[in-house]
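could you work out the structure for the sequence below:
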Amino acid sequence: MTSVRRKWHLKSRNGCDTCKMRKIKCDELHPECWNCIKKGLRCNFKSLRPIAVKEPPDIELEHLEHLELLHHFTISTASTLANESEIRDLWRVWVPQIALSVRYVLDGVLALAALHKARYNPGRRESLEARAMEYHNASLARALPLVTHPNRHNGAHLFLFGVLTLLFSLAKPRSADDIFLVGGGVVPEWLYLLRGIDTVIEAESAIEASPISLIFRATNPSFEYWRSHEPLEHDALTALKANIRARAHAANQKTLLDAVEALQRSFTFRSRDTLQFQHKMRGFYTWLYDVSDEYLKLLRQGDCEALCVLAFYSVLLKDLERHWWLEGWAVHLLQRIYLLVDEEHQLWIRWPVEEVGWVPPCVPNISYQT
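Here you go, the predicted structure:
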């Protein structure tokens, strides 16, 4: 009797479970074996397919830039914005938290951080300054429609926006022919911004209950002293008042003299060595809040006497130039004023010119006869 030889096949234990239960040879095709497909059975190969791992999307370059600048703000820029540790912590911790939920604050933070970073990265300075301006413009576009209507929900955010915008306006690059004055007049842009911040504070009392109030609350005693003290005599300011009484138009004299009297109060802070720097700073910029709208109107009109008063203020700006965002402003302002006033009024401001250390340009086409 001839024996029937069984068909040879490769031994394997890798078949599907369904074929094993049916005790037939599995062809081990994936994702489903042919035996299961023919019979319409469920093949467990299908459930054993490796799960496709979805690669996370690439982080957009703009988001990386946000992270870079926000990191720079928290570890570097924030520490330059205040002298007191409590207020530094506010800038370093609380402000970035607000920025993550309020876009116009975020744009303001990124703009200021980009300007600060540009100072220490010559190779990237041009690109960082360009990006800073883009963030600044975006912040303005989002916040300005809200500024006229502060409320308890956005008051602190708008105040913060105002401070960031002020710092940016002071810190942004300047050139020799930079027209930094508002509306073709002669009022620095940052002066309007500073007075606008004060308006927001007065309009919304909820700001005083927020952490951001630390920025001005810490120096409130200096403000009270500015209001109440008897200002010291100052020879150069006394001479300025005498010139105003002798030369200024009668209708403008009170406005001009009031501005000088207020400036004399701020100069008292300059002469008091016992005051800490942050209190001197509050005493200096209180003048910007105190001067009248009538005085600002004279500045816009290019009134020479009003410009001379502002020239004296440049001396106080010079004392504040330890802050990077104020560097160069004293000379920049004084130079602009000097070129706007006539020769007589140039003599009025000899003291601030000498005190700041600026050398006026030589008068051209002067011939000397022997």
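
low pLDDT regions in this protein?
Applying pLDDT under 70 to the chain flags residues 1-12, 45-61, 175-186, 198-206, 218-219, 273-275, 363-370.

walk me through the domains of this protein.
The chain resolves into domains spanning 12-49, 61-218, 224-356 when parsed by automatic domain parsing.

show me where the stretch 201-350 of the chain has helices.
214-217, 220-228, 235-247, 250-271, 277-290, 293-300, 304-319, 329-340, 343-348, 350-356 (DSSP state H, counting those that start in this stretch).

how about the ones you listed in CSV, adding mean neighbour count and distance to Lys20?
Every residue, glycine included, has its C-beta placed from N, CA and C. Listed next are those as CSV, based on neighbours: other C-beta atoms under 10 Å; distance: least, C-beta to C-beta, whole Å:
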stretch, mean neighbour count, distance to Lys20
helix 214-217, 16, 74
helix 220-228, 14, 85
helix 235-247, 15, 103
helix 250-271, 18, 93
helix 277-290, 19, 82
helix 293-300, 18, 93
helix 304-319, 23, 89
helix 329-340, 20, 85
helix 343-348, 14, 104
helix 350-356, 18, 94
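
now distance to Cys36 too, for the ones you listed, in TSV please.
As requested, the helices of the stretch 201-350 of the chain are exported to TSV (distance: least, C-beta to C-beta, whole Å):
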stretch	distance to Cys36
helix 214-217	72
helix 220-228	82
helix 235-247	100
helix 250-271	90
helix 277-290	80
helix 293-300	88
helix 304-319	85
helix 329-340	82
helix 343-348	100
helix 350-356	91
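
now for the ones you listed, which one comes closest to Arg103?
Among the helices of the stretch 201-350 of the chain, the nearest to Arg103 by C-beta to C-beta is helix 214-217 (21.3 Å).

what's that closest one in contact with?
For helix 214-217, contacts defined as C-beta atoms under 8 Å, 6 or more residues apart in numbering pick out Ala82, Glu86, Ile87, Leu90, Val163, Ile201, Glu208, Arg282.

which parts of the host helix or strand of Ala130 are buried?
Here Ala130, judged by DSSP states H and E, is contained in helix 125-147. Neighbour-count burial for helix 125-147, with 16 or more other C-beta atoms under 10 Å as criterion, is recorded at 128-129, 131-133, 135-136, 138-140, 142-143, 147.

quick one: the helices in the stretch 51-200 of the chain?
61-75, 85-89, 95-99, 103-119, 125-147, 155-171, 189-203.

of the ones you listed, which approaches Arg350 most closely?
helix 189-203 (23.8 Å).

got the contact list for Leu166?
So Leu166 contacts Trp190, Leu193, Leu194, Ile197 (C-beta under 8 Å, 6+ apart).

Ile207 and Arg22, how far apart?
79 Å (C-beta to C-beta, to the nearest Å).

so the two - more neighbours on which side?
Ile207 (22 against 15; other C-beta atoms under 10 Å).

go ahead and confirm Asn83 touches Gln276.
Yes. With contact defined as C-beta atoms under 8 Å, Asn83 reaches Gln276; the gap is 7.4 Å.

what number of residues lie near Ile75?
Counted with other C-beta under 10 Å, Ile75 comes out at 10.

list the contacts of it.
Taking C-beta under 8 Å, 6+ apart as the definition, Ile75 has no contacts.

show me the contacts for the closest residue to Leu316 other than its chain neighbours.
Using C-beta to C-beta, 6 or more residues apart in numbering and skipping residues adjacent in sequence, the residue nearest Leu316 is Phe284, 4.4 Å away. By C-beta under 8 Å, 6+ apart, the contact set of Phe284 is Ser266, Phe269, Arg270, Leu316, Leu317, Asp319, Leu320.

same check, this time on Val95
Counting by C-beta under 8 Å, 6+ apart, Val95 has contacts Ala78, Val105, Val109, Leu160.

at 10 Å what do you get?
73-74, 78, 81, 89, 105-106, 108-109, 160, 163-164, 211-212 (C-beta atoms under 10 Å, 6 or more residues apart in numbering).

how about the contacts of helix 214-217 in CSV, adding distance to Pro361?
CSV is the format used below for the contacts of helix 214-217 (distance: C-beta to C-beta, whole Å):
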residue, distance to Pro361
Ala82, 37
Glu86, 45
Ile87, 41
Leu90, 44
Val163, 36
Ile201, 41
Glu208, 48
Arg282, 35
